[in-house]
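# fold the stuff below for me.
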Amino acid sequence: MKQLVFGLFLASLLISCKQNTEKQNLEPAQIKLTNGHWFNGNTFSEQTVWVKGGTLSFNQENAIADTIIDLSGTYVIPPFAEAHNHNLESEYGLEKRINAYLDAGVFYVKHLSSIKKRIDSLMYYYNKPTGLDVSLAHAPLTATGGHPIALRKRYLEYGYFDGLFNTLEEIESHGYFIMDDEAHLQKKWEQVLSFKPDFIKINLLYSEEYQKRKNDSAYFGKKGLDPDLVPAIVSKAHKSNLRVSVHVATAHDFHVAVTAGADEIAHLPEIHNGKPIDPEDAQLAAEKGIVVVTTASLVTKNKEKPKYNQLLANVRSNLGILKEARVTLAIGSDMYNDNSVGEFQFLHSLDLFSNLELLKMWCENSATTTLPYRKVGHLKEGYEASFLVLDVNPLEQIKEVSQSISLKVKQGVILD
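Residues are numbered from 1 along each chain as shown. A predicted model of the protein is given here:
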């Protein structure tokens, strides 16, 4: 009965708030929320919380609220995030993808490469209280013939870039930057910055075979930067106050990125190869505060292969090595037709992480690596008033947590 009453109240509240926000140009009202259990990073505690000016306050006892919401013993957590995807650049089916994110409580998406000329016209969907917040790298850095040049070539041939580019050469410096040496880095860096990226994405693939693959056309699209150039790129980015996210394929790529001082590893290494990562590299990553984005469910693309069970076991083992070293893990899927919900469910199925660990990975770590300069990912004084209200305690029941959302608030605005 309590849930029914709460549901009826929310329905009327949403209508009221929608009318109010339309009149006030979506300016958040001052809201008082009572009888809710709020996540503090370790457990839940019953609190009265105020939302004012789009931020949270826990110390407004005498404040006058425009709206009072009785949360009736429900549970409040930060929103979820998607720390690795590429599916917000195309207008085709875009609103469906956006709604899938928001319906699941995913408010923040890290977009790990895009063509600025292509995504600019879609930016009105993003970075507003009623939409997704996105972080963009734009063109990634790679070597001649490296990833993602083969992908760009294929999409050009499919006609995806009609009206933007006519040749592959025209895509260079929009869909990727070729950086073969420090001379390239010095020459092209200002152009990289001119796109105003939120972070720098660089591609390492099979760096232990860099010399072997460098001039061999058989490896077109299956190679990346010179590993010796990575420290200079990281240094250059940090001097420009930009974090560096590194696409990796192998354990050696992981080693190169960690020792170079990158800020984020965009993939769990060895998903498709089945080799272990070095525990010493994992320990160094933890000491440097490097975030590793899981993308572990990509292993399911190998389901039809005879070695699938071995690959799956290796994914679990490598995640275990990172967990043991206390590396910060964030949830990202890199699944174009999905989002971090599927990745979360895959990680849950491995029976490797506790409910608390999974919750922190999805709410806290994924949000802070996506939007590191904003007050998101935590329910604290002065942080953005973005949160999800759940009918269940996720520390006890987390498997279908995205389906137990009864209220979504983003920057103080109640989402319909």
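
# point out where this structure drops to low pLDDT.
1-29 (pLDDT under 70).

# distance of Gln186 from Phe199?
20 Å (Cβ to Cβ, to the nearest Å). In short, each C-beta sits where N, CA and C put it, glycine included.

# look at the two and report which has more neighbours.
Using other Cβ atoms under 10 Å as the criterion, Gln186 and Phe199 rank with Phe199 on top: 20 against 12.

# pull the contacting residues for the more buried one.
135, 137, 242-245, 263-264 (Cβ atoms under 8 Å, 6 or more residues apart in numbering).

# ok, which pair from these is furthest apart?
Checked with Cβ to Cβ, the contacts of Phe199 reach their widest spread between Ser135 and Val244, with 13.2 Å between them.

# number of nearby residues for Asp228?
13.

# doesn't it fall inside a strand?
No - using DSSP: H, G, I helix; E, B strand; the rest coil, the assignment for Asp228 is helix, not a strand.

# quick one: stretch 153-168 to chain centroid distance?
27 Å (Cα atoms, centre = their mean, to the nearest Å).

# ok, and the closest non-adjacent residue to Ser113?
Pro140 (4.7 Å; Cβ to Cβ, 6 or more residues apart in numbering).

# whoops, I mixed them up, Lys408
Leu415 (4.3 Å).

# repeat that for Leu388.
Gly105 is the one closest to Leu388 (Cβ to Cβ, 6+ apart), at 4.6 Å.

# would you agree the one you found is in contact with Ser406?
No - here Gly105 does not reach Ser406: they are 10.7 Å apart, not a contact under Cβ atoms under 8 Å.

# who has more neighbours out of those two?
For Gly105 versus Ser406, neighbours defined as other Cβ under 10 Å are more numerous around Gly105 (26 against 17).

# need the contact list for the more buried one.
79-80, 388, 402, 405, 408.

# distance of the residue of the chain most remote from its centre from Asn35?
Most distant from the centre of the chain: Asn62, at 37.9 Å, with distances by Cα atoms, centre = their mean. Relative to Asn35, Asn62 is positioned 19 Å away (Cβ to Cβ).

# next: Ile321.
For Ile321, the distance to Asn35 - Cβ to Cβ - is 42 Å.

# quick one, which of these two is more surrounded?
Comparing Ile321 with Asn35 by neighbour count (other Cβ under 10 Å), the higher total belongs to Ile321, at 16 against 13.

# give me the element that one is part of.
Assigned by DSSP states H and E, Ile321 falls within helix 308-324.

# give me the buried positions along that helix.
Neighbour counts using 16 or more other Cβ atoms under 10 Å place 311-312, 314-316, 318-319, 321-322 of helix 308-324 among the buried residues.

# got it, and stretch 237-256?
For stretch 237-256, by 16+ other Cβ under 10 Å, it's 237, 242-256.

# same thing with stretch 409-416?
So, applying 16+ other Cβ under 10 Å, buried residues of stretch 409-416: 409-415.

# check contacts around the residue nearest to Lys408.
102, 130, 408-409.

# now name the helix or strand holding the residue most central in space within the chain.
Taking Cα atoms, centre = their mean, the centroid of the chain lies closest to Ala83, which sits 1.4 Å from it. Using DSSP H and E, Ala83 falls within strand 80-85.

# give the pairing partners of that strand; include direction for each.
Strand pairing for strand 80-85, determined by DSSP bridges: strand 106-111 (parallel).

# helices along the chain, start to end?
With helices called from DSSP state H, the chain shows them at 2-23, 94-103, 116-119, 149-158, 168-171, 182-194, 210-214, 230-239, 251-260, 279-287, 308-324, 340-349, 355-360, 366-370.

# out of those helices, deepest packed?
helix 366-370 (a mean of 28; mean count of other Cβ atoms under 10 Å).

# give me the distance from it to the chain's centre.
The answer for helix 366-370 is 6 Å, by Cα atoms, centre = their mean.

# and that helix, what does it pack against?
Under the contact criterion of 3 or more Cβ pairs under 8 Å, 6 or more residues apart in numbering; DSSP states H and E, helix 366-370 touches strand 80-85, strand 106-111, strand 291-293, strand 328-330.

# do that again at 6 Å, thanks
strand 80-85, strand 106-111 (3 or more Cβ pairs under 6 Å, 6 or more residues apart in numbering; DSSP states H and E).

# residues in contact with His255?
Neighbour list for His255: Asp281 [criterion: Cβ atoms under 6 Å, 6 or more residues apart in numbering].

# swap in His247?
203, 266.

# ok, what's across the strand from it?
Beta-bridge partners for His247, by DSSP bridges, are Asn203.

# distance check, it against Arg213.
15 Å.

# likewise for Trp189?
In terms of Cβ to Cβ, Trp189 sits 25 Å off from Arg213.

# same thing with Asn314?
For Asn314, the distance to Arg213 - Cβ to Cβ - is 23 Å.

# circling back to that earlier point, which one of the helices of the chain lies closest to Ile69?
Closest of the helices of the chain to Ile69 is helix 2-23, at 6.8 Å (criterion: Cβ to Cβ).

# before we move on, back to that, check contacts around the residue farthest from the centre of the chain.
Going by Cβ under 6 Å, 6+ apart, the list of residues near Asn62 is empty.

# mind listing which of the buried residues of stretch 409-416 are in strands?
Those of the buried residues of stretch 409-416 mapping onto strands are 409-410, 413-414, per DSSP state E.

# contacts only, for Val376.
367, 384.

# if we go to 7 Å?
Listed by Cβ atoms under 7 Å, 6 or more residues apart in numbering, the contact set of Val376 reads 108, 367-368, 383-384, 386.

# make a markdown table out of those and add distance to Glu89.
A markdown table is the format used below for these (distance: Cβ to Cβ, whole Å):
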| residue | distance to Glu89 |
| --- | --- |
| Tyr108 | 17 |
| Ala367 | 21 |
| Thr368 | 23 |
| Tyr383 | 29 |
| Glu384 | 25 |
| Ser386 | 24 |
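
# which ones are touching Val315?
Contacts of Val315 (Cβ under 7 Å, 6+ apart): 268, 271, 296, 299.

# try 10 Å
268-272, 274, 294-300, 346-347, 350, 352 (Cβ atoms under 10 Å, 6 or more residues apart in numbering).

# please list only the buried members of those.
The buried subset of these - by 16+ other Cβ under 10 Å - is 268-271, 274, 294-299, 346-347, 352.

# wait, what's in contact with Ser194?
Neighbour list for Ser194: 116, 138, 173 [criterion: Cβ under 10 Å, 6+ apart].

# the last one touches Gln191, doesn't it?
Yes - taking contact to mean Cβ atoms under 10 Å, the distance of 6.1 Å between Ser173 and Gln191 places them in contact.
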